[in-house]
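*Asks:* need a structure here:
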Amino acid sequence: MTEESEAPVRSVLVVANPAAGTTSERLTADVLALCADRAAQVRLHPTTGRGDATSAVRAACAGTDGHPRPDLVVAVGGDGTVHEVVDGLTDADADATGTGTGTRPALVIVPAGTGNSGYKMLWAESPWQTALAAVFDGPGHGARLRRLDLAHLTETGAKVFLGACSGVIADALRVARHVPQTGRDRYTTAFAESADAFVPYPGRVTVDGTVLHEGPTVLANVGGGRFRGGRYQVLPHSELDDGLLDVCVIGSPVDPHEVPELTRRAAHLGLPGVHYGRGRRIVVERLDGVPLCFEYDGNLQPADLTRLTFDVLPGALPVWGADTAVLATTAPGELR
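*Replies:* Below you'll find the predicted structure:
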């Protein structure tokens, strides 16, 4: 779903995470300067800890923070920061249909994290300066305002922007905490180390009530974005605004240590044990009673659930992206 808007951006809230993987004071200053050249009112909220971005954006959207309600929210950070901003942008009273009260400010991302998959799925490899300038110039200048689907995790109430994954991709986030590199190379190293030691878990994935996969499971990715970790095309067929969630399951016929290279080239589709589907409700389960290791939007979650239920929230989030019809190269392989 695309939403063309020619209304000028007058008020901007910049939410910057000073602890993000590749951020700097210079980057934040440059973002503020570009916004100040194009908008009448620009203010900065540097985040102070987990959940602070959500609280700040929610207050700004509600007009309870003493400032004009923003037309645009700029998230400067990684995928975790973007997740928090999205959570604040989507109304607190939004239900599982994705509806809520009022018109939400639009989101634009400036990449400053490790993987930056959210930025890549919207802008590919365009420099952030080009992307942000195009947003201010409006439709017809390289940017398009879209209303993107989100996923609603029934068990916790979380809203997922980029995607959620159980198995080896989630475990790689745990390993990444101890990797001394920065940017996408940090996650690449962690992914390879995690895959080498990973043991598939007994799992089942259903799509709209039909079993897509049951058996030893290396990963189950639900989304959302085509990329994880900024490099891995786990969901190469995913469209951001088609009203459906995509899911890819990689089973035990695929050696876990081959997964990083296969998904980097989107060469996993069509292999034995790999299943791909789309639907409005996707359920991921672990069948041995052990809690799932899972993440969403780049955040490793507590291991306290054996079942994850994702429902699509169609058109729930206004966000700016490139005006190209296809945001990533379609990979070889057919849906199966």
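*Asks:* any idea of the mean pLDDT for the longest strand anywhere in the chain?
*Replies:* The longest strand of the chain (DSSP state E) is strand 307-322. Averaged over strand 307-322, pLDDT sits at 95.
*Asks:* which strands and helices lie in contact with it?
*Replies:* Contact partners of strand 307-322 among helices and strands, from 3 or more CB pairs under 8 Å, 6 or more residues apart in numbering; DSSP states H and E: strand 106-111, helix 117-123, helix 128-137, strand 143-153, strand 158-160, strand 163-167, strand 281-286. (Glycine included, C-beta is placed from N, CA and C.)
*Asks:* which residues are in contact with the second one?
*Replies:* Contacts made with helix 117-123 from outside it, assessed by CB atoms under 8 Å, 6 or more residues apart in numbering, are listed as 79, 82, 109-111, 128, 131, 161-163, 225-230, 240, 297-298, 319-322, 327-328.
*Asks:* mean neighbour count added to the helices and strands packed on strand 307-322, as a markdown table?
*Replies:* As requested, those are exported to a markdown table (neighbours: other CB atoms under 10 Å):
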| stretch | mean neighbour count |
| --- | --- |
| strand 106-111 | 27 |
| helix 117-123 | 27 |
| helix 128-137 | 19 |
| strand 143-153 | 23 |
| strand 158-160 | 22 |
| strand 163-167 | 28 |
| strand 281-286 | 22 |
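*Asks:* worst average pLDDT in these?
*Replies:* helix 117-123 (a mean of 89).
*Asks:* off-centre distance for it?
*Replies:* 8 Å (CA atoms, centre = their mean, to the nearest Å).
*Asks:* on that earlier part again, now do the longest strand of the chain and helix 128-137, the angle between them.
*Replies:* Counting by axes from the mean of the first three to the mean of the last three CA atoms, to 10 degrees, strand 307-322 lies at 80 degrees to helix 128-137.
*Asks:* residues near the nearest residue to residue 136 once chain neighbours are set aside, how many?
*Replies:* Excluding the flanking residues, the one nearest residue 136 by CB to CB, 6 or more residues apart in numbering is residue 38, at 4.0 Å. Residue 38 has 17 neighbouring residues, counting by other CB atoms under 10 Å.
*Asks:* with the one 10 residues further on instead?
*Replies:* Around residue 48 there are 13 other residues, counting by other CB under 10 Å.
*Asks:* name the element it belongs to?
*Replies:* Under the criterion of DSSP states H and E, residue 48 resides outside all helices and strands.
*Asks:* assess the claim that residue 84 and residue 53 are in contact.
*Replies:* Yes. Between residue 84 and residue 53 there is a contact under CB atoms under 8 Å: 3.8 Å.
*Asks:* okay, and the common contacts of those two?
*Replies:* Common neighbours of residue 84 and residue 53 (CB under 8 Å, 6+ apart) are residue 47.
*Asks:* of these two, which one has the most company?
*Replies:* Taking neighbours as other CB under 10 Å, residue 84 and residue 53 compare with residue 53 leading, 28 against 25.
*Asks:* the more buried one sits in which helix or strand?
*Replies:* In this structure, residue 53 is located in helix 52-62 according to DSSP H and E.
*Asks:* which strands and helices lie in contact with that helix?
*Replies:* If you count contacts as 3+ CB pairs under 8 Å, 6+ apart, helix 52-62 packs onto strand 11-16, strand 41-46, strand 72-77, helix 79-89.
*Asks:* what comes into contact with that helix?
*Replies:* By CB under 8 Å, 6+ apart, helix 52-62 touches 13, 15, 17, 45, 47, 65, 67, 69-70, 73, 75, 77, 81, 84-85, 87-89, 91-92, 102, 104-105.
*Asks:* could you redo the last one with a cut-off of 7 Å?
*Replies:* 13, 15, 17, 45, 47, 65, 67, 69-70, 73, 81, 84-85, 87-89, 92, 104-105 (CB atoms under 7 Å, 6 or more residues apart in numbering).
*Asks:* ok, now stretch 251-261?
*Replies:* 168, 191-192, 195-196, 198, 200, 213, 215-218, 232, 250, 268, 271-274.
*Asks:* quick one, what contacts the spatially most central residue of the chain?
*Replies:* Centroid-nearest residue in the chain, with CA atoms, centre = their mean: residue 162, separated by 1.8 Å. For residue 162, the contacting residues are 79, 117, 118, 223, 224, 225, 297, 298, by CB under 7 Å, 6+ apart.
*Asks:* what residue ranges in the stretch 51-200 of the chain score low on pLDDT?
*Replies:* 91-102 (pLDDT under 70).
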